[in-house]
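[1] Sequence first, then the predicted structure, then my questions.
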Amino acid sequence: MSVWRRCLDLLEIGARRPLLVRREILSHSVQGQRILFASDLHLRGDGPPEVVESILDIASRESPHIILLGGDLVDSRKGLPTLRNLIREMARVAPVAAIGGNHDRWIGLSRVRGAVLEGGGHWLEDKPMRWAPGAVAYGSFDAELMPAQCHVLCAHHPHSSTVHSRFDLVLSGHLHGGQFVFFEHRGRLYPGAFLYRWNGLRFQQNGTTLLVSRGVRDTFPLRWNCPREVIIVDL
(Lines give C-alpha, C1' and ligand atoms only; values in the text may rest on other atoms or scores of the structure.)
Protein backbone atom coordinates (compact mmCIF):
# COMPACT_ATOMS: atom_id res chain seq x y z
CA MET A 1 0.00 0.00 0.00
CA SER A 2 1.36 3.42 -0.94
CA VAL A 3 2.07 6.11 1.63
CA TRP A 4 -0.59 8.35 0.09
CA ARG A 5 -3.19 5.58 0.30
CA ARG A 6 -2.34 4.95 3.94
CA CYS A 7 -2.68 8.67 4.67
CA LEU A 8 -6.07 8.80 2.95
CA ASP A 9 -7.23 5.77 4.93
CA LEU A 10 -6.56 7.71 8.15
CA LEU A 11 -8.62 10.69 6.97
CA GLU A 12 -12.29 10.96 7.95
CA ILE A 13 -14.59 13.62 6.53
CA GLY A 14 -17.99 13.71 8.19
CA ALA A 15 -19.31 10.94 10.44
CA ARG A 16 -19.11 8.21 7.84
CA ARG A 17 -17.13 5.54 9.63
CA PRO A 18 -18.46 3.31 12.42
CA LEU A 19 -17.91 4.51 15.97
CA LEU A 20 -14.95 2.85 17.66
CA VAL A 21 -15.69 1.10 20.96
CA ARG A 22 -12.66 1.78 23.12
CA ARG A 23 -12.36 -0.59 26.07
CA GLU A 24 -10.76 0.32 29.37
CA ILE A 25 -10.44 -1.66 32.60
CA LEU A 26 -10.19 -0.10 36.05
CA SER A 27 -9.32 -2.49 38.85
CA HIS A 28 -11.46 -1.52 41.80
CA SER A 29 -13.22 -2.95 44.82
CA VAL A 30 -16.54 -2.23 43.09
CA GLN A 31 -16.57 -5.04 40.56
CA GLY A 32 -18.94 -6.09 37.83
CA GLN A 33 -20.02 -2.57 36.87
CA ARG A 34 -19.82 -1.31 33.29
CA ILE A 35 -19.86 2.36 32.25
CA LEU A 36 -20.58 3.65 28.76
CA PHE A 37 -19.12 7.12 28.29
CA ALA A 38 -19.96 9.23 25.25
CA SER A 39 -18.88 12.83 24.80
CA ASP A 40 -19.17 15.56 22.18
CA LEU A 41 -22.27 14.31 20.37
CA HIS A 42 -22.82 17.68 18.63
CA LEU A 43 -26.37 16.74 17.68
CA ARG A 44 -28.37 18.75 15.17
CA GLY A 45 -31.90 18.65 13.81
CA ASP A 46 -31.03 15.83 11.43
CA GLY A 47 -29.25 13.80 14.12
CA PRO A 48 -27.37 12.73 12.07
CA PRO A 49 -29.33 9.44 12.18
CA GLU A 50 -26.30 7.20 11.62
CA VAL A 51 -24.62 8.65 14.72
CA VAL A 52 -27.75 8.27 16.86
CA GLU A 53 -28.34 4.71 15.64
CA SER A 54 -24.72 3.77 16.26
CA ILE A 55 -24.80 4.99 19.87
CA LEU A 56 -28.04 3.13 20.53
CA ASP A 57 -26.69 -0.03 18.94
CA ILE A 58 -23.54 0.08 21.06
CA ALA A 59 -25.55 0.73 24.24
CA SER A 60 -27.86 -2.20 23.50
CA ARG A 61 -24.99 -4.53 22.63
CA GLU A 62 -22.71 -3.60 25.56
CA SER A 63 -25.42 -3.55 28.30
CA PRO A 64 -23.79 -0.92 30.56
CA HIS A 65 -24.98 -0.29 34.10
CA ILE A 66 -24.82 3.48 33.57
CA ILE A 67 -24.46 5.79 30.56
CA LEU A 68 -22.55 9.05 31.11
CA LEU A 69 -22.58 11.92 28.61
CA GLY A 70 -19.64 14.32 28.79
CA GLY A 71 -20.95 17.57 27.31
CA ASP A 72 -21.17 19.32 23.93
CA LEU A 73 -24.38 17.40 23.44
CA VAL A 74 -25.94 19.68 20.81
CA ASP A 75 -24.75 22.13 18.18
CA SER A 76 -28.04 24.00 17.73
CA ARG A 77 -31.48 24.30 19.28
CA LYS A 78 -32.78 22.04 16.54
CA GLY A 79 -30.72 19.26 18.10
CA LEU A 80 -32.60 19.41 21.41
CA PRO A 81 -35.48 17.11 20.34
CA THR A 82 -32.91 14.66 18.95
CA LEU A 83 -31.06 14.70 22.27
CA ARG A 84 -34.29 14.20 24.23
CA ASN A 85 -35.31 11.23 22.09
CA LEU A 86 -31.83 9.70 22.21
CA ILE A 87 -31.75 9.84 26.01
CA ARG A 88 -35.25 8.37 26.19
CA GLU A 89 -34.09 5.38 24.13
CA MET A 90 -30.81 4.98 26.03
CA ALA A 91 -32.67 5.05 29.34
CA ARG A 92 -34.37 1.81 28.28
CA VAL A 93 -30.91 0.21 28.55
CA ALA A 94 -29.45 1.92 31.64
CA PRO A 95 -29.72 5.12 33.72
CA VAL A 96 -28.39 8.13 31.80
CA ALA A 97 -26.57 11.07 33.41
CA ALA A 98 -25.10 14.11 31.65
CA ILE A 99 -23.18 17.34 32.02
CA GLY A 100 -22.90 20.36 29.74
CA GLY A 101 -20.01 21.51 27.57
CA ASN A 102 -19.00 24.83 26.06
CA HIS A 103 -21.26 24.32 23.01
CA ASP A 104 -24.21 23.59 25.30
CA ARG A 105 -23.60 26.87 27.10
CA TRP A 106 -23.65 28.71 23.79
CA ILE A 107 -27.02 27.12 22.96
CA GLY A 108 -28.33 27.70 26.48
CA LEU A 109 -27.47 25.33 29.31
CA SER A 110 -31.00 25.46 30.73
CA ARG A 111 -32.40 24.27 27.39
CA VAL A 112 -29.94 21.39 27.16
CA ARG A 113 -30.58 20.44 30.77
CA GLY A 114 -34.31 20.50 30.08
CA ALA A 115 -33.95 18.14 27.11
CA VAL A 116 -31.92 15.71 29.25
CA LEU A 117 -34.49 15.73 32.06
CA GLU A 118 -37.43 15.44 29.65
CA GLY A 119 -35.79 12.38 28.14
CA GLY A 120 -35.62 10.75 31.56
CA GLY A 121 -31.94 11.50 32.19
CA HIS A 122 -30.16 12.90 35.23
CA TRP A 123 -28.30 16.24 35.22
CA LEU A 124 -25.10 15.70 37.21
CA GLU A 125 -24.46 19.42 37.62
CA ASP A 126 -27.58 19.53 39.83
CA LYS A 127 -26.48 16.68 42.10
CA PRO A 128 -24.45 13.48 42.04
CA MET A 129 -26.04 10.16 41.11
CA ARG A 130 -25.64 6.85 42.91
CA TRP A 131 -26.11 4.15 40.28
CA ALA A 132 -24.90 1.15 42.31
CA PRO A 133 -24.58 0.52 46.08
CA GLY A 134 -20.88 1.39 46.05
CA ALA A 135 -20.61 3.77 43.09
CA VAL A 136 -21.46 7.47 42.62
CA ALA A 137 -21.11 9.73 39.57
CA TYR A 138 -20.42 13.46 39.93
CA GLY A 139 -20.63 16.44 37.61
CA SER A 140 -18.30 18.83 39.46
CA PHE A 141 -14.74 18.34 40.74
CA ASP A 142 -15.55 20.28 43.94
CA ALA A 143 -18.74 18.33 44.74
CA GLU A 144 -19.09 16.95 48.24
CA LEU A 145 -18.37 13.23 48.16
CA MET A 146 -21.10 10.79 49.14
CA PRO A 147 -20.36 7.58 51.07
CA ALA A 148 -19.20 5.13 48.40
CA GLN A 149 -16.33 2.89 47.38
CA CYS A 150 -16.00 4.27 43.85
CA HIS A 151 -16.24 7.96 42.92
CA VAL A 152 -16.49 8.80 39.20
CA LEU A 153 -16.24 12.36 37.89
CA CYS A 154 -17.82 13.21 34.53
CA ALA A 155 -16.08 16.30 33.11
CA HIS A 156 -15.97 18.06 29.76
CA HIS A 157 -12.52 19.65 29.88
CA PRO A 158 -9.58 17.58 31.09
CA HIS A 159 -7.39 19.78 33.27
CA SER A 160 -5.36 19.66 36.46
CA SER A 161 -8.28 20.24 38.81
CA THR A 162 -10.08 17.13 37.50
CA VAL A 163 -7.13 14.89 38.37
CA HIS A 164 -7.76 14.89 42.09
CA SER A 165 -7.11 12.04 44.48
CA ARG A 166 -10.73 12.22 45.74
CA PHE A 167 -11.91 10.57 42.51
CA ASP A 168 -11.07 7.06 41.40
CA LEU A 169 -11.98 7.73 37.78
CA VAL A 170 -12.39 10.90 35.72
CA LEU A 171 -14.09 10.64 32.32
CA SER A 172 -13.49 13.69 30.20
CA GLY A 173 -14.60 15.14 26.89
CA HIS A 174 -12.81 15.05 23.60
CA LEU A 175 -9.27 15.96 22.70
CA HIS A 176 -9.36 19.73 22.89
CA GLY A 177 -5.91 19.76 21.38
CA GLY A 178 -7.31 18.86 17.96
CA GLN A 179 -8.43 15.90 15.90
CA PHE A 180 -5.25 15.55 13.83
CA VAL A 181 -2.80 13.09 15.39
CA PHE A 182 0.63 12.73 13.78
CA PHE A 183 2.36 10.72 16.54
CA GLU A 184 2.13 9.60 20.17
CA HIS A 185 4.82 10.05 22.82
CA ARG A 186 4.59 9.10 26.50
CA GLY A 187 0.84 8.86 26.35
CA ARG A 188 0.31 12.25 24.71
CA LEU A 189 -0.89 12.89 21.17
CA TYR A 190 0.94 15.38 18.97
CA PRO A 191 0.95 18.05 17.66
CA GLY A 192 -1.98 18.93 19.95
CA ALA A 193 0.01 18.13 23.10
CA PHE A 194 2.47 20.92 22.25
CA LEU A 195 -0.33 23.36 23.05
CA TYR A 196 -2.49 21.39 25.45
CA ARG A 197 -1.06 19.29 28.28
CA TRP A 198 -3.95 16.84 28.53
CA ASN A 199 -4.00 15.91 24.86
CA GLY A 200 -3.82 12.16 25.40
CA LEU A 201 -6.08 9.20 26.08
CA ARG A 202 -5.19 7.90 29.56
CA PHE A 203 -3.39 9.50 32.50
CA GLN A 204 -2.59 8.33 36.03
CA GLN A 205 -2.03 10.92 38.73
CA ASN A 206 -2.62 11.22 42.48
CA GLY A 207 -4.39 7.87 42.56
CA THR A 208 -6.84 8.95 39.86
CA THR A 209 -7.29 7.49 36.38
CA LEU A 210 -8.21 10.12 33.76
CA LEU A 211 -9.68 8.85 30.49
CA VAL A 212 -10.03 11.38 27.68
CA SER A 213 -12.44 10.61 24.86
CA ARG A 214 -11.79 11.33 21.20
CA GLY A 215 -15.47 12.24 20.98
CA VAL A 216 -18.45 10.99 18.99
CA ARG A 217 -18.61 13.85 16.50
CA ASP A 218 -17.27 17.33 15.68
CA THR A 219 -18.72 20.67 14.67
CA PHE A 220 -16.10 20.78 11.93
CA PRO A 221 -16.20 17.15 10.73
CA LEU A 222 -12.60 16.57 9.69
CA ARG A 223 -10.21 14.14 11.39
CA TRP A 224 -6.94 12.39 10.70
CA ASN A 225 -5.70 9.36 12.66
CA CYS A 226 -8.23 10.15 15.39
CA PRO A 227 -11.22 7.78 15.22
CA ARG A 228 -14.55 8.83 16.67
CA GLU A 229 -15.41 6.73 19.72
CA VAL A 230 -17.35 5.83 22.82
CA ILE A 231 -15.58 4.40 25.87
CA ILE A 232 -16.60 1.26 27.74
CA VAL A 233 -15.10 1.05 31.23
CA ASP A 234 -15.32 -2.21 33.15
CA LEU A 235 -14.77 -1.99 36.90
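    Looks like it came in fine. Residues are numbered from 1 along each chain as shown.

[2] From here on, just use CA atoms for contacts and neighbour counts.
    Will do.

[3] what about Ser165, neighbour count?
    12 (other C-alpha atoms under 10 Å).

[4] How about the one 4 residues further on?
    Burial measure for Leu169: 24 neighbouring residues, criterion other C-alpha under 10 Å.

[5] Next, work out how far apart it and Phe37 are.
    12 Å (C-alpha to C-alpha, to the nearest Å).

[6] Over to Gly177?
    20 Å.

[7] the more surrounded of those two?
    Neighbour count, other C-alpha under 10 Å: between Gly177 and Phe37, Phe37 has more, with 28 against 19.

[8] Next up, phi/psi of the more buried one, please.
    phi -120, psi 120 (degrees, to the nearest 10).

[9] Repeat that for Val116.
    According to degrees, to the nearest 10, Val116 has phi -60, psi -50.

[10] That one: what's it in contact with?
    83-84, 87, 98, 122-123 (C-alpha atoms under 8 Å, 6 or more residues apart in numbering).

[11] Against Arg105, how distant is it?
    According to C-alpha to C-alpha, Val116 and Arg105 sit 14 Å apart.

[12] hang on, the earlier thing: closest one of the contacts of Val116 to Ile25?
    For the contacts of Val116, the closest approach to Ile25 (C-alpha to C-alpha) belongs to Ala98, at 21.5 Å.

[13] quick one: which helix or strand includes the closest residue in space to that closest one that isn't next to it in sequence?
    Among residues not flanking Ala98 along the chain, Leu69 sits closest, at 4.5 Å (C-alpha to C-alpha, 6 or more residues apart in numbering). Taking DSSP states H and E as the definition, Leu69 sits inside strand 66-70.
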